Structure formats: structure tokens, C-alpha cells
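Chemist: No letters, just coordinates:
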């Protein structure tokens, strides 16, 4: 593996971390209704965990309410059970062929919990980014030891600096995501 491949591999790993964090935060509850809140709830559909968004149309009829219309009405009880068993703390109301979710206002304690959880998710993402840096630097060092190509100490140092710049870039993105989400939780 050459130096460019090491940097590219590290960057791809860091990008995956940021994208994963975005998806996780999208599903976190704030003060407003969001289809992402329940979209990834796993429903036991024919003994296979399936995302709710694949089984139903999810809409927002009012700012603090979600409406779930299953494509197959026979899955309604399964969806209700999955939402009740999720960690969302929501009480679904089955209305025959559809399910209504009223989102209660967040308490101060719940907001604090969500902000703490958001910050922890951000820290975990940063740790994973730093692990990608470690792996990238390890590949760079192996390339130097392997001598499969002519490498100078300057080349190796430059490659490590490039990887460090990637770390700074992606950690900044994580900080921005965490800041935006905590602000959204406070305002919601």
C-alpha cells in the first residue's frame, strides 16, 4: 500500500464515521416531529428486523405529530409493538389502518439527557476518527519499513501530516454536527 492509498483509506474511514453520526443524530428526538425519528425503528416483519420506513409511509400532519400508514395494514400491530419497545418513549395510537404518534414537549431533564447523549456520540465519533488516523499512520510506517518504493523520511512525515489534517477536518465536522444538534434540542 502506498502513501496516497493510506491517506485515502483513512479519509474514507473518517467520512463513514461522520455519515454514521449524521444518521444517528437524525433519529434523535428534538422538540419537533421528524420522520427520521421513527424511520429506523426495527419492526419484526416475517422474523426479520426491518426498518419502519420500508413498511410504511411516515408523514407529519402537525408540528408535534407523526402519522404512520403501513403499506400492508396487517403490519399495524407489529409496528405499534416495535415503537412501544423502542427507546423513544412514545405511545402509538392505532387508528385501524394507521398509527398516530403525538410527541409530548420535552422536559428540561430530557433535554439535558439528549444533549449529554449528543456530546457522547460526538466524542465517540472523534475517538473512531483518531483510530483511523492511527491505522493510516501504521500503514505509512509499514510502507517505510517494507521499502516497496523509494520513500524518504520527508515523504513519510508529509503523509502523516496529511492524515493529521484529515483528522482536524473531520473532527471539526463532528463538532459542528454536535453544536447544531444541541442547539436544535435547546430550541425545540
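Modeler: Thanks, I have it. Because the structure is a prediction, the values reported are computed rather than measured.
Chemist: Now name the helix or strand holding the spatially most central residue of the chain.
Modeler: Note on the chain: the residue nearest the mean C-alpha position is residue 24, at 2.5 Å, using CA atoms, centre = their mean. According to DSSP states H and E, residue 24 maps onto helix 3-26.
Chemist: what stretches of this structure score poorly on pLDDT?
Modeler: Residues of the chain meeting the criterion pLDDT under 70: 1, 29, 31, 147-149, 188.
Chemist: Which stretches in it count as strands?
Modeler: Here the chain has its strands, by DSSP state E, at 42-45, 48-51, 56-62, 65-70, 92-94, 99-102.
Chemist: which residues does the residue nearest to residue 39 when sequence neighbours are not counted contact?
Modeler: Excluding the flanking residues, the one nearest residue 39 by CB to CB, 6 or more residues apart in numbering is residue 53, at 4.0 Å. In short, each C-beta sits where N, CA and C put it, glycine included. Contacts for residue 53 were tallied using CB atoms under 8 Å, 6 or more residues apart in numbering; they are 35, 39-40.
Chemist: Need the strands of the chain in a markdown table (columns: distance to residue 2 and mean neighbour count).
Modeler: Shown next, in a markdown table, are those (distance: least, CB to CB, whole Å; neighbours: other CB atoms under 10 Å):
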| stretch | distance to residue 2 | mean neighbour count |
| --- | --- | --- |
| strand 42-45 | 41 | 17 |
| strand 48-51 | 39 | 12 |
| strand 56-62 | 46 | 15 |
| strand 65-70 | 50 | 19 |
| strand 92-94 | 54 | 15 |
| strand 99-102 | 52 | 18 |
